[in-house]
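Undergrad: sequence plus predicted model, see below.
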Amino acid sequence: MLELRLVQGSLLKKVLEAIKDLVTDANFDCSATGFSLQAMDSSHVALVALLLRSEGFEHYRCDRNISMGMNLNNMSKMLKCAGNDDIITIKADDGSDTVTFMFESPTQDKISDFEMKLMDIDSEHLGIPEAEYHAIVRMPSAEFARICKDLASIGDTVVISVTKEGVKFSTRGDIGTANIVLRQNTTVDKPEEATIIEMNEPVSLTFALRYMNSFTKATPLSNTVTISLSSELPVVVEYKIAEMGYIRFYLAPKIEEDEDETKPQV
Amino acid sequence: MLELRLVQGSLLKKVLEAIKDLVTDANFDCSATGFSLQAMDSSHVALVALLLRSEGFEHYRCDRNISMGMNLNNMSKMLKCAGNDDIITIKADDGSDTVTFMFESPTQDKISDFEMKLMDIDSEHLGIPEAEYHAIVRMPSAEFARICKDLASIGDTVVISVTKEGVKFSTRGDIGTANIVLRQNTTVDKPEEATIIEMNEPVSLTFALRYMNSFTKATPLSNTVTISLSSELPVVVEYKIAEMGYIRFYLAPKIEEDEDETKPQV
Amino acid sequence: MLELRLVQGSLLKKVLEAIKDLVTDANFDCSATGFSLQAMDSSHVALVALLLRSEGFEHYRCDRNISMGMNLNNMSKMLKCAGNDDIITIKADDGSDTVTFMFESPTQDKISDFEMKLMDIDSEHLGIPEAEYHAIVRMPSAEFARICKDLASIGDTVVISVTKEGVKFSTRGDIGTANIVLRQNTTVDKPEEATIIEMNEPVSLTFALRYMNSFTKATPLSNTVTISLSSELPVVVEYKIAEMGYIRFYLAPKIEEDEDETKPQV
């Protein structure tokens, strides 16, 4: 028996919007710890990891660990039927091949039950070890989304270069080149507007803008995004989900052919 | 000679938006009583009836009963050229094969005349007898529109079931099932937010969502919608037009194959 | 060496949006006077002339007259990456085959450099003599845009007829005819809402609505538009750019086949 009641149901709606374009089918894993998901995108290039901790739910009952395979597009269609102020409850009976999403309006005058068939999905859970990163950039999520969108109008890949002074996003395409430099800036009125750089050594890595732009679909979940970079590891793009957990996207750097481009030029 | 002056011209714009996707060509009937229309949709499944009473017009002159055949899409194109605050006057000379829509801006600094050719349209006026209904539901029109839109993302038909406690909207599709229950609720701050059920006996009927969604194009005309249901009659979905009249949509229920679905389960 | 710094960078963004659909490639001419452009549209029917005077720039350095050929679509892609509050600087080194657009955010925390390749474009600069016009109409630019858009839903051409009392815009299409009359109106609360007619003699001219609608892309640049009409000259549709200059569009009248339509009927 599974019953997870989330008062701020809009969070779950936003989570689905953040990942449904990247991942088609995935297992949601439910345990005493929380409600989580780990899945590769359909071309097996990017990895997404979601955690919603049990403490973040108003009511959390999960009698035994279960894994529920869902088509994220269908799940998204159902969650779109929830109002933004609705309470969402996820329910599943033991051994059932369906999951039920219940939406309650704030006034309790409208109660909706959406029942979805579950799927059998083969998946292996990757262990992701804690790692040291060369540089960690925390910045406003809307600014990161804007930069990825802007650069995609010029080129296909972005070189992210970090020095102590700032972070540079560069691209190159048929019509020209673009360099966008953000300065470290911790003295802002609102903490979520800061750009904060923790750097152990300078790093410059190249990524496909297509994936970066897909990750930024998570922007509505958090005012800030954290980008963790290391030359031997996939980048981690993390959006915290207020007091509940996170969505993390992992993407391996591209091997850069043009050596000049990989040198930090901030 | 026909001359109908409507100060709140935006009403006529909204009327056209409400019916132009359902009905292609139709006769507008003008008499001392008012300006009215009755037409089947192009597949002859749904019926729309419009009445704008003569008292609702600032000036209403109709020397003799006339019937003017119009292409609603062309009429809509012309009315879209009226500003939302414009006064609209409909004019036709006796025996003329054109109708003129005149738009006056509130300041009278902009006066537009749009002249449209009339069409000969065969149509028979159906007498719609007053009837007793098993159940009448009055609810916020935006809520009804939201429910029809949401259910259409899951299935093709909606089962509307009414009991004293509430009204249930259900559907079933490839990806699962959905049930939305609205409770009777008369103690709301604003009367237009109430859900009021008048019931003589429980009723459960199935309708094509495609038509229901088409009817909800009339939502901007009224804060509330009234749904009158009877097992032997077409449903009536009525939007009142403030102090002027109404738009009513009629749709025959589908014969339900799955008996379980037709029982009220509220 | 060229370096033009424009604090209100959004002006340049709006200029590009105003002309990029009309003109594909064009030479921007830079001299001590200012930054200017003159180009025909791709079908060689309309002419656009832009002037941004040097005094309007915060910093204006142009060591020698140069002409820079740009693809306006690519230039627009780059300028769209500037924030609406950004300062934009246009830079080019002598003899370079590239131009650089630098965008500085108001806080100076984000600095972007976009470098675009220049093109060789053959063009001849037309001398446009000062002329006397039969009638000059100044009116709100949004109203002019609305009228051109509305009429294009009915017909392909617009007849603009000016008398002392007002200006009439007429069209005719398969579904009917439309006449929109604006009265001269100088006693308005806000000067930009006035419709002012200076007339030496009545004039009635016919133009392709496709081009007029293209010109109205400049509407965000100015609250008012000035239309200068003469029976022997192309119409001039002018949008002033606050304290900096203008965009002017020139379009030759069509020879009207239906004589009745060309007579002023205001």
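TA: Yes, it's here. Residues are numbered from 1 along each chain as shown, chains lettered A, B, ... in the order given.
Undergrad: every contact and neighbour count from this point should use C-alpha atoms.
TA: Will do.
Undergrad: beta partners for residue A:197?
TA: Legend: beta-bridge partners of residue A:197 under DSSP bridges are residue A:137.
Undergrad: so where do the strands sit in the stretch 51-200 of chain A?
TA: For the stretch 51-200 of chain A, strands defined by DSSP state E, counting those that start in this stretch occupy the ranges A:59-62, A:66-71, A:87-92, A:98-104, A:110-117, A:135-140, A:157-162, A:166-173, A:176-183, A:196-199.
Undergrad: run through chain A and note the low-pLDDT ranges.
TA: A:256-266 (pLDDT under 70).
Undergrad: picking up where we left off before, out of the strands of the stretch 51-200 of chain A, flag the one nearest residue C:38.
TA: Smallest distance to residue C:38 across these (Cα to Cα): 24.0 Å, for strand A:176-183.
Undergrad: packing partners for that closest one?
TA: The contact analysis (3 or more Cα pairs under 8 Å, 6 or more residues apart in numbering or on different chains; DSSP states H and E) places strand A:176-183 against strand A:166-173, strand C:110-117.
Undergrad: can you give the contact residues for the last one?
TA: With contact meaning Cα atoms under 8 Å, 6 or more residues apart in numbering or on different chains, strand C:110-117 is reached by A:175-183, C:70, C:75, C:78, C:97-105.
Undergrad: again, only using 7 Å
TA: Contacting residues not belonging to strand C:110-117 are listed as A:175-183, C:78, C:97-105 [Cα atoms under 7 Å, 6 or more residues apart in numbering or on different chains].
Undergrad: parallel or antiparallel, list what pairs with it.
TA: Under the rule (DSSP bridges), strand C:110-117 has strand A:176-183 (antiparallel), strand C:98-104 (antiparallel) as partners.
Undergrad: using CSV, lay out the ones you listed together with mean neighbour count.
TA: Converted to CSV, those look like this (neighbours: other Cα atoms under 10 Å in any protein chain shown):
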stretch, mean neighbour count
strand A:176-183, 22
strand C:98-104, 22
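Undergrad: could you dump those into CSV and include distance to residue A:205?
TA: Putting the strands paired with strand C:110-117 into CSV (distance: least, Cα to Cα, whole Å) gives the following:
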stretch, distance to residue A:205
strand A:176-183, 14
strand C:98-104, 24
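Undergrad: element containing the closest residue to residue A:89 other than its chain neighbours, please.
TA: Nearest residue to residue A:89, sequence neighbours excluded (Cα to Cα, 6 or more residues apart in numbering or on different chains): residue A:5, at 4.2 Å. Assigned by DSSP states H and E, residue A:5 belongs to strand A:2-6.
Undergrad: how much space between residue A:8 and residue A:119?
TA: 27 Å (Cα to Cα, to the nearest Å).
Undergrad: same thing with residue A:213?
TA: Taking Cα to Cα, one finds residue A:213 at 28 Å from residue A:119.
Undergrad: hmm, who's touching stretch A:152-166?
TA: So stretch A:152-166 is in contact with A:167-173, A:175, A:181-184, A:197, A:199, A:202-209, A:262, A:264, A:266, C:77, going by Cα under 7 Å, 6+ apart.
Undergrad: which parts of the stretch 51-200 of chain A sit against chain C?
TA: A:150, A:153, A:175, A:176, A:177, A:178, A:179, A:180, A:181, A:182, A:183 (Cα under 7 Å from any Cα of the partner chain).
Undergrad: for chain A, longest helix please?
TA: helix A:141-152 (DSSP state H).
Undergrad: those helices in the stretch 151-266 of chain A, which residues are they?
TA: Per DSSP state H, counting those that start in this stretch, the stretch 151-266 of chain A carries helices over the ranges A:209-215, A:259-262.
Undergrad: how about the residues of the stretch 1-150 of chain A that lie near chain B?
TA: Of all the residues in the stretch 1-150 of chain A, those lying near chain B are A:74, A:77, A:81, A:109, A:110, A:111, A:112, A:113, A:114, A:115, A:116, A:117, going by Cα under 7 Å from any Cα.
Undergrad: mind putting those residues into TSV with distance to residue C:139 and neighbour count?
TA: Output for those, formatted as TSV (distance: Cα to Cα, whole Å; neighbours: other Cα atoms under 10 Å in any protein chain shown):
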residue	distance to residue C:139	neighbour count
A:74	52	20
A:77	48	18
A:81	46	22
A:109	52	14
A:110	51	19
A:111	54	20
A:112	53	22
A:113	56	22
A:114	55	26
A:115	58	22
A:116	58	22
A:117	61	19
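Undergrad: who's more crowded, residue A:213 and residue A:119?
TA: Of the pair residue A:213 and residue A:119, residue A:213 is the one with more neighbours under other Cα atoms under 10 Å in any protein chain shown, namely 19 against 15.
Undergrad: returning to that earlier point: relative to chain C, which of the residues of the stretch 1-150 of chain A next to chain B is nearest.
TA: For the residues of the stretch 1-150 of chain A next to chain B, the residue nearest chain C by Cα to the nearest Cα is residue A:77; the value is 32.7 Å.
Undergrad: what sits against that closest one?
TA: Contacts of residue A:77 by Cα under 7 Å, 6+ apart are residue B:153.
Undergrad: ok, now residue A:50?
TA: A:36, A:37, A:38, A:246, A:247, A:248.
Undergrad: let's see which of these end up in strands.
TA: Taking DSSP state E as the definition of strands, the contacts of residue A:50 contribute A:36, A:37, A:38, A:246, A:247, A:248.
Undergrad: any of those residues buried? List them.
TA: A:36, A:37, A:38, A:246, A:247, A:248 (16 or more other Cα atoms under 10 Å in any protein chain shown).
Undergrad: before we move on, the earlier item: among the residues of the stretch 51-200 of chain A next to chain C, which two are most distant?
TA: A:175 and A:183 (26.3 Å).
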